[in-house]
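Student: sequence isn't available, so here's the structure alone:
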């Protein structure tokens, strides 16, 4: 088993949609970035790459490359999942914390978990998304943007398959 940690943050920007965890969230501003600026997907991507010892999102999808301009971050995440699968890794679970004063994350957390799980190839029950405020402190507290932290656990595909088989067997017993 290998564990990775990811972090991402983006400033709010007028005239953009707010996408977090692949979900469009109603808000007066979106996030500024080269891609769709999905800080949640970026943090998860970095956590997976870190767990596999493969660097960070900027190494694989540099913001200087026009190919990634306005890219759907879930598609970037899917590319990383395929990269891990090529190295015989499978995602076991992911835990995400989104730090924002607004919008509130709670009402969208289940939808984000489901979207991320679909890309990661795991059950939504293995993807936790939660929101926290910064209690009015700092740039996040002033409502200037959003930050996301993610932790991911990956394992050898055979070990994960064995684990799921044991869970199915125990559930049926």
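Tutor: Received the coordinates, thanks. Here the structure is a predicted model, which is why all the values come from computation and not from measurement.
Student: what sits against residue 57?
Tutor: For residue 57, the contact set (CB atoms under 8 Å, 6 or more residues apart in numbering) comprises 8, 42, 45-46, 49, 76. To be clear about C-beta, it is placed using only N, CA and C from the backbone, and glycine gets the same treatment.
Student: try residue 49
Tutor: The contact partners of residue 49, taken as CB under 8 Å, 6+ apart, are 4, 6, 55-57, 59-60, 80.
Student: next, the buried residues of stretch 7-16.
Tutor: For stretch 7-16, the neighbour count (16 or more other CB atoms under 10 Å) marks 7-10, 12, 16 as buried.
Student: between those residues, which sits nearest residue 104?
Tutor: residue 12 (15.1 Å; CB to CB).
Student: tell me if I'm right that the closest one and residue 147 touch.
Tutor: No. Contact criterion CB atoms under 8 Å: residue 12 and residue 147 do not qualify, at 11.9 Å.
Student: so residue 104, which of the three states?
Tutor: Following DSSP: H, G, I helix; E, B strand; the rest coil, we place residue 104 in the coil state.
Student: any idea how far it lies from residue 52?
Tutor: 33 Å (CB to CB, to the nearest Å).
Student: okay, the two: which has more neighbours?
Tutor: residue 52 (17 against 13; other CB atoms under 10 Å).
Student: which residues touch that one?
Tutor: 2, 4, 83-84, 87, 89, 154.
Student: what do you get for residue 146?
Tutor: By CB under 8 Å, 6+ apart, the neighbours of residue 146 are 9-10, 12, 20, 31, 39, 98-100, 140.
Student: low pLDDT regions in the protein?
Tutor: For the chain, the stretches flagged by pLDDT under 70 are 159-164, 167, 173.
Student: how about the strands in it?
Tutor: 2-13, 19-20, 23-24, 30-31, 89-99, 127-132, 145-156 (DSSP state E).
Student: what comes into contact with the third one?
Tutor: Residues external to strand 23-24 that are found in contact with it (CB under 8 Å, 6+ apart): 17-18, 108, 111-112, 115.
Student: filter these down to the ones in helices?
Tutor: 108, 111-112, 115 (DSSP state H).
Student: most neighbours out of the residues you listed, which is it?
Tutor: Highest neighbour count within the ones in helices among the contacts of strand 23-24: residue 112, with 26 neighbours (other CB under 10 Å).
Student: which one of the contacts of residue 49 is nearest residue 35?
Tutor: Nearest to residue 35 out of these is residue 57 (CB to CB; 9.2 Å).
Student: look up how far residue 10 lies from the closest one.
Tutor: Residue 57 is 12 Å from residue 10, by CB to CB.
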